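Novice: coords below, sequence missing:
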């Protein structure tokens, strides 16, 4: 299936792009996060801290993805 990935803040800096389309053969958000860390290994430094949204709704990591979904990787907000 094809998943559109949106990277925000630190995730965008680490991945080096704002968005991409990825071919994915798994099913859950958790599996997808493992898959994406293989492609962008430096994301491993933040993957346990991120929030994930699918089609503009925050989801748990056990959420099942469908072809054409848009997944956003949202690192924690920092600042003061």
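Specialist: Ah, there it is. Owing to the predicted nature of the structure, the values given are computational and were not obtained by experimental measurement.
Novice: When you work out contacts or count neighbours from here on, use the C-alpha atoms and nothing else.
Specialist: Will do.
Novice: which residue ends up closest to the midpoint of this structure in space?
Specialist: Geometric centre of the chain, nearest residue: residue 73, 3.9 Å, by C-alpha atoms, centre = their mean.
Novice: hang on, isn't it packed against residue 4?
Specialist: No. Using C-alpha atoms under 8 Å as the test, residue 73 is too far from residue 4 to be in contact (10.8 Å).
Novice: now what about the helix or strand hosting residue 11, what contacts it?
Specialist: Using DSSP states H and E, residue 11 sits in helix 9-15. Residues outside helix 9-15 that contact it (C-alpha atoms under 8 Å, 6 or more residues apart in numbering) are 7, 18, 40, 42-43, 46, 73-75.
Novice: Pull up the pairing partners for the next helix-or-strand element following that helix, direction included.
Specialist: Remark: after helix 9-15, the chain's next helix or strand is strand 19-23, criterion DSSP H and E. Strand partners for strand 19-23, identified by DSSP bridges, are recorded as strand 2-7 (antiparallel).
Novice: Can you point out the buried residues in the helix or strand hosting residue 32?
Specialist: Secondary structure from DSSP H and E places residue 32 in helix 29-39. Of the residues in helix 29-39, 29-33, 35-37 count as buried by neighbour count, 16 or more other C-alpha atoms under 10 Å.
Novice: Now tabulate these in CSV and tack on pLDDT and distance to residue 62.
Specialist: Putting those into CSV (pLDDT from 0 to 100; distance: C-alpha to C-alpha, whole Å) gives the following:
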residue, pLDDT, distance to residue 62
29, 98, 6
30, 97, 6
31, 97, 9
32, 97, 10
33, 97, 11
35, 96, 14
36, 96, 16
37, 96, 17
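Novice: if I pick the residue lying closest to residue 19 once chain neighbours are set aside, what's in contact with it?
Specialist: Excluding the flanking residues, the one nearest residue 19 by C-alpha to C-alpha, 6 or more residues apart in numbering is residue 6, at 4.4 Å. Residue 6 makes contact with 18-20, 70-73 under the criterion C-alpha under 8 Å, 6+ apart.
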